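In: predicted model, plus sequence, below.
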Amino acid sequence: MEPVQWPHAAQCAVQFTFDFDAETNWISRDPKNLKHPGTLSQGTYGAKVGVPKVLELLREEGLKATFFVPGWVAEHRTERVEQILAAGHEVGHHGYLHKWVDPDCPEEELEEMERGLEALQSKVGVRPVGYRSPAGETSPNIIRLLVERGFLYDSSLMDDINPYRHVLPDGRCGPVELPWHWSLDDAPFMLSSIKVHRPIFTNDHIFEIWAEEFREIYRWGGLFTLVMHPQAIGRPSRLALLRRFIAYTRTFPNVWYANAQEVAQAWLDQKGPGDVAPQAISPFLV
């Protein structure tokens, strides 16, 4: 695996990312949840309490992050998204209603893409350069839509620990991919509901997974992507977990903390716009 030359001669890069789904996480999963305020209230907590407390933590830690925001959230939680931007954080595209990507319905993928873009532009004045698919799924059509709309990066796949470049079947270069993984996502450990019940894990359990994964990615010289949700990580004890984890990463020398746009641009600047290795070709696009 070819090492990445990170800025400032860093050993590895760390990006803290937040999927600010608010209520869309529950509405898109089951529209009937609109009649279930108890279920929706988890998403409401993310907007009401989670985001302000996360912003407070990031300010105190001196870190800049990327928040992936569905268009519906930009429309209905506009003030919170404005606060994210005012604090200097990046806002990326996360669909419109957080609908899961369905490769058999390209017209729905287009609608989610366009409505999300329009909402972010009209409500908070953002033309995002990055995209993360809802629930960690994508399609060849989504990658094509990102290329046609000039996106710099995507963060939807789990096939590497380093950034790489998508290539379309016609040879066009696509966005830079910033990989992630479920083990570095707070949702499997923290989010549960009456219909989709998951066990709730202790902070020590989660910290051990995150810390061990960070230690090895650091040793490999890769990209560490932490995926969080304000409705989950924004709970009181979970914020303490995040502080503890940030402190742990700072015991390692030469760590570069950046938002997703900065990571993608740094990788592109290193590789050059036309430098695409064979392994960068997305298998499902060939």
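Out: Great, that's in hand.

In: okay, now the unreliable bits of the chain?
Out: Applying pLDDT under 70 to the chain flags residues 1, 272-286.

In: partners of the longest strand belonging to it, with directions?
Out: Determined from DSSP state E, the single longest strand within the chain is strand 12-19. If you go by DSSP bridges, strand 12-19 pairs up with strand 66-69 (parallel), strand 223-228 (parallel), strand 255-257 (parallel).

In: residues in contact with it?
Out: By CB atoms under 8 Å, 6 or more residues apart in numbering, the residues outside strand 12-19 that reach it are 4, 6, 54, 58, 63, 65-68, 94, 132, 155, 178, 180, 214, 217-218, 220-230, 233, 249, 254-260, 263, 266. In this view, the C-beta of every residue, glycine as well, is placed from N, C-alpha and C.

In: picking up where we left off before, to Leu242, which of the strands paired with strand 12-19 lies closest?
Out: Nearest to Leu242, of all those, is strand 223-228, at 7.4 Å by CB to CB.

In: could you pull out the buried residues of the next helix or strand after the closest one?
Out: Proceeding N to C from strand 223-228, the next assigned helix or strand is helix 230-233, under DSSP states H and E. Neighbour-count burial for helix 230-233 flags Pro230, Gln231, Ala232, Ile233 (criterion: 16 or more other CB atoms under 10 Å).

In: near the closest residue to Gly50 other than its chain neighbours, how many other residues are there?
Out: Using CB to CB, 6 or more residues apart in numbering and skipping residues adjacent in sequence, the residue nearest Gly50 is Gly234, 2.5 Å away. Using other CB atoms under 10 Å, Gly234 has 26 other residues around it.

In: and for the one 4 residues further on?
Out: Neighbouring residues of Arg238 were enumerated by other CB under 10 Å; the total is 21.

In: same thing with Asp170?
Out: Around Asp170 there are 8 residues (other CB under 10 Å).

In: list the buried ones in stretch 59-76?
Out: Residues of stretch 59-76 classed as buried by neighbour count (16+ other CB under 10 Å): 63-76.

In: can you tell me which of the residues you listed is closest to Leu120?
Out: The closest of these, once distances to Leu120 are taken by CB to CB, is Ala74, at 5.1 Å.

In: so that closest one sits in a strand?
Out: No. Ala74 is assigned helix when assessed by DSSP: H, G, I helix; E, B strand; the rest coil, not a strand.

In: contact partners for it?
Out: Applying CB under 8 Å, 6+ apart, the residues near Ala74 are Val81, Ala119, Leu120, Lys123, Val124, Val126.

In: now do 7 Å
Out: Counting by CB atoms under 7 Å, 6 or more residues apart in numbering, Ala74 touches Val81, Ala119, Leu120, Lys123, Val124.

In: moving C-terminal of the helix or strand hosting the third one, what's the next helix or strand?
Out: Read it as Leu120. Taking DSSP H and E as the definition, one finds Leu120 inside helix 106-124. The helix or strand immediately downstream of helix 106-124 is strand 130-131, counting by DSSP H and E.

In: any chance of a markdown table for the strands paired with strand 12-19, columns distance to Ala47?
Out: Shown next, in a markdown table, are the strands paired with strand 12-19 (distance: least, CB to CB, whole Å):
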| stretch | distance to Ala47 |
| --- | --- |
| strand 66-69 | 11 |
| strand 223-228 | 15 |
| strand 255-257 | 25 |
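
In: do I have it right that Tyr248 meets Ala211?
Out: Yes. The pair Tyr248 / Ala211 is scored as a contact, 5.5 Å apart, by CB atoms under 7 Å.

In: then stretch 254-261 to CSV, C-alphas only?
Out: Extracted in CSV, the C-alpha atoms of stretch 254-261 (Å, rounded to 0.1, in the frame of the first residue of the first chain):
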residue,chain,number,x,y,z
ASN,A,254,2.6,14.1,14.2
VAL,A,255,-1.2,13.7,13.8
TRP,A,256,-2.9,16.0,11.3
TYR,A,257,-6.5,17.0,12.2
ALA,A,258,-8.5,18.3,9.3
ASN,A,259,-12.0,18.5,7.9
ALA,A,260,-12.9,16.2,4.9
GLN,A,261,-12.5,18.9,2.3
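
In: buried residues in that stretch?
Out: Going by neighbour count (16+ other CB under 10 Å), the buried part of stretch 254-261 is Val255, Trp256, Tyr257, Ala258, Asn259, Ala260, Gln261.

In: what helix or strand is the last one on?
Out: Think Gln261. helix 260-271.

In: hmm, Cys173 is touching Val167, no?
Out: Yes. Between Cys173 and Val167 there is a contact under CB under 7 Å: 6.2 Å.
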